[in-house]
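J.: my questions are about this predicted structure, shown below with the sequence.
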Amino acid sequence: AQSVTQPDIHITVSEGASLELRCNYSYGATPYLFWYVQSPGQGLQLLLKYFSGDTLVQGIKGFEAEFKRSQSSFNLRKPSVHWSDAAEYFCAVGMDTGRRALTFGSGTRLQVQP
Amino acid sequence: DTGVSQDPRHKITKRGQNVTFRCDPISEHNRLYWYRQTLGQGPEFLTYFQNEAQLEKSRLLSDRFSAERPKGSFSTLEIQRTEQGDSAMYLCASTPEGAGGRVGQETQYFGPGTRLLVL
């Protein structure tokens, strides 16, 4: 069965510092990978997604992610964090098996220090 | 495009009571999903509709849970005889037909959720 692991439950960075959030997946076939962000009281918003092609994908709000098949990873990065980036971030995998539901990781809560 | 809406946003109930949540998907989105999110966890899939047909149900959806989408527009999720373990955020998402190419590639648009607390 597919699974998604986000090893870091909580990360604190200073405003202006760079950010990397880790995501590892387990899935036998080609994964479709997503990063969502959830702010307090808000629904999940899609940041970016990867299906195929260029392994470095750009998303909204200055985020990017890199797919590394050899490491089964899809880490999210941002070169300079803003205070408004404080939120919870979820990595998710979709499957090309007829099952439409997404499988999510347990999330990483990002705190931004001034 | 007003986004996915859910009602109520918060619900407090006593153990044993029944509760019903409503989800209004984005207009003309024919696929609708329910997820449950407990504290410190990511969303977990509950069930999926294409139009009015319920096509998939998770093992998490016990007999006390029922979901409907009678006219292929809004959906309701009912929990009967609530238990404290049902306390969670219930999220709804929708997707337009034909979006995203292959199965699994769809971008799901999420509502703000209904937070349920069972006392």
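T.: Great, that's in hand.

J.: you'd agree residue A:30 is up against residue A:67?
T.: No. Contact criterion CB atoms under 8 Å: residue A:30 and residue A:67 do not qualify, at 10.3 Å. Every C-beta, even on glycine, is put in place using the N, C-alpha and C of the backbone.

J.: list the contacts of stretch B:87-98.
T.: Under the criterion CB atoms under 8 Å, 6 or more residues apart in numbering or on different chains, residues A:43-44, A:100, B:4, B:6, B:21, B:23, B:25-26, B:28-39, B:43, B:46, B:50, B:75, B:77, B:106-111, B:113-118 lie in contact with stretch B:87-98.

J.: got the contact list for residue 45?
T.: In the absence of a named chain, chain A is used. Counting by CB under 8 Å, 6+ apart, residue A:45 touches A:36, A:37, A:38, A:39, B:110.

J.: nope, chain B
T.: Counting by CB under 8 Å, 6+ apart, residue B:45 touches A:101, A:102, A:103, B:33, B:34, B:35, B:58, B:60.

J.: switch to 6 Å and redo it
T.: Neighbouring residues of residue B:45 by CB atoms under 6 Å, 6 or more residues apart in numbering or on different chains: A:101, B:35, B:58.

J.: would the first one count as being in a strand?
T.: No. Remark: residue A:101 does not belong to a strand; assigned using DSSP: H, G, I helix; E, B strand; the rest coil, it is coil.

J.: neighbours of residue A:14, how many?
T.: 10 (other CB atoms under 10 Å in any protein chain shown).

J.: that's all I had, so thanks and see you.
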